[in-house]
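Student: Please find the sequence and the predicted model below.
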Amino acid sequence: MLRVGIVGLGRMGKTHAQNMVNHIPEVKLVAACSIFEEELLYAKEYLGVENTYSSFEKMIDEAKLDFVVIAAGADVRPSMICYAMEKGIHTFAEKPLGLSEEDIKKVVEVVEKYKDRVKFQVGFMRRFDADYLYAKEKIESGEIGSIVYIRAYGIDPSSGLDSFVNFAKNSNSGGIYHDMAIHDIDLIRWLTGCEFSKVWAVGANFARPELDEVGELETGIVQAQLNNGAMVHLVVGRNAPHGYQVETEIMGTKGWLRIAGVPEKNLLTIYDHTGVRRECSANFPERFKKAFIEEIVGFARCIKENRNPQASAQDGLIATRVSLVCQQSLQEGIIKEC
């Protein structure tokens, strides 16, 4: 088994940590790092992690790790990635890789410098989702012809809106396009092999207008065009009353693909006094549970087999660049070239 450490045990960090402990026999979680004592207690009591640290550098220097999972805040990810890579520790980092293009460029430089002996992967988990992988096969086989139009929804459940409002008043997510649309941006690049050429973004706060005061959005829309002329429509938000809405539609000259047109929790249909219904995925850890597992399994195998991971630091940089241009378009109210 590969010895793994993790930094950051918020919602995303706990998802990775629980998966490694319960579902990924190829790895052993031997160390955890956090600046919050309650997260370290969680690691000890619920995950059985013996070695806990409040200093990331100390964990890297002392824990004898094969690789590290970086799920701490985006503001500290660049320095952590660079430190781990320079110390020869294979590194898996959550997206985004930083809050600015300049910070991520430094990460790309370090990753490139050590790429011959140290592996790096960014957490674009949708590339590992079975449904999206199947759609990619259909596209590459030519089954739907040339792609004309892509429409994608990525909307968090309303149950998390209060929590986000509190977070937004005290922290910086980088904006809704940087924080959420980045997944769809990467997915579209991966599915099509094309780059974004221009974007136009708008947004609004109807359910929680107080987000205007902190420069955040409850709902954002992007109209875009790829460098091959294909058209894109993205909707990202934080207020889906029915659950976690993630849907992607791909229109081609010979056919269409629709992934999760109804974001069903499972294959169960419920017949009761309310009628007949299908339940919706509650959140992203549930919807992409297998994908989160597969991306860590895939990274571990790349380390063992000396292969390059498919989601690179350069992918993280390009997706971030597009998301930041979307934010600029929103602020300036004009179409922006990427």
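Tutor: Done, it's in. Numbers count the residues shown, from 1 in each chain.
Student: Off-centre distance for stretch 67-83?
Tutor: Stretch 67-83 has its C-alpha centroid displaced from the chain centroid by 14 Å (C-alpha atoms, centre = their mean, to the nearest Å).
Student: Using CSV, list the CA coordinates for whichever strand or helix holds residue 14.
Tutor: Using DSSP states H and E, residue 14 sits within helix 11-22. Extracted C-alpha coordinates of helix 11-22, given in CSV (Å, rounded to 0.1, in the frame of the first residue of the first chain):
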residue,chain,number,x,y,z
ARG,A,11,-16.3,18.6,3.3
MET,A,12,-14.0,17.8,0.3
GLY,A,13,-11.1,16.6,2.5
LYS,A,14,-13.4,14.3,4.5
THR,A,15,-14.8,12.8,1.3
HIS,A,16,-11.3,11.9,0.1
ALA,A,17,-10.2,10.7,3.6
GLN,A,18,-13.2,8.5,4.1
ASN,A,19,-12.8,7.0,0.6
MET,A,20,-9.2,6.2,1.2
VAL,A,21,-9.9,4.5,4.6
ASN,A,22,-13.0,2.6,3.5
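Student: in it, what counts as buried?
Tutor: 12, 13, 14, 15, 16, 17, 18, 19, 20, 21 (16 or more other C-beta atoms under 10 Å). To be clear about C-beta, it is placed using only N, CA and C from the backbone, and glycine gets the same treatment.
Student: One more: stretch 266-283?
Tutor: Neighbour-count burial for stretch 266-283 [16+ other C-beta under 10 Å]: 280, 281.
Student: name the helices or strands packed onto the one helix or strand residue 167 maps to?
Tutor: Here residue 167, judged by DSSP H and E, is contained in helix 161-170. Here helix 161-170 touches strand 231-240, going by 3 or more C-beta pairs under 8 Å, 6 or more residues apart in numbering; DSSP states H and E.
Student: Tell me which residues are up against the strand it packs on.
Tutor: 148-158, 160-161, 164, 176-177, 180-181, 184-185, 188, 196, 207-208, 217-226 (C-beta atoms under 8 Å, 6 or more residues apart in numbering).
Student: Ok, stretch 202-213 next?
Tutor: With C-beta under 8 Å, 6+ apart as the criterion, stretch 202-213 contacts 158, 161, 165, 168, 176, 216-221, 239, 330.
Student: Same list (these) but as CSV, adding distance to residue 52.
Tutor: CSV is the format used below for the contacts of stretch 202-213 (distance: C-beta to C-beta, whole Å):
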residue, distance to residue 52
158, 35
161, 32
165, 31
168, 29
176, 33
216, 33
217, 36
218, 36
219, 39
220, 38
221, 43
239, 36
330, 41
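Student: List just the nearest of the residues you listed to residue 92.
Tutor: residue 176 (24.5 Å; C-beta to C-beta).
Student: Quick check: the gap between the residue nearest to residue 129 when sequence neighbours are not counted and residue 23.
Tutor: Nearest residue to residue 129, sequence neighbours excluded (C-beta to C-beta, 6 or more residues apart in numbering): residue 291, at 4.0 Å. Separation of residue 291 from residue 23 (C-beta to C-beta, to the nearest Å): 12 Å.
Student: now swap in residue 169 and tell me
Tutor: 35 Å.
Student: Also residue 212?
Tutor: On the measure of C-beta to C-beta, residue 212 and residue 23 end up 41 Å apart.
Student: do the same with residue 262
Tutor: Distance from residue 262 to residue 23, by C-beta to C-beta: 27 Å.
Student: Those two: which is more packed in?
Tutor: Taking neighbours as other C-beta atoms under 10 Å, residue 262 and residue 23 compare with residue 23 leading, 13 against 10.
Student: wait, isn't the more buried one in contact with residue 293?
Tutor: Yes - judged on C-beta atoms under 8 Å, residue 23 makes contact with residue 293 at a distance of 5.2 Å.
Student: in the lowest-mean-pLDDT helix or strand in the chain, what's buried?
Tutor: When the helices and strands of the chain are compared on mean pLDDT, DSSP states H and E, helix 161-170 comes out lowest with a mean of 90. Buried residues in helix 161-170, counting neighbours by 16+ other C-beta under 10 Å, are found at 161, 164, 165, 168.
Student: likewise stretch 194-209?
Tutor: 194, 196, 199, 200, 201, 203, 205, 208.
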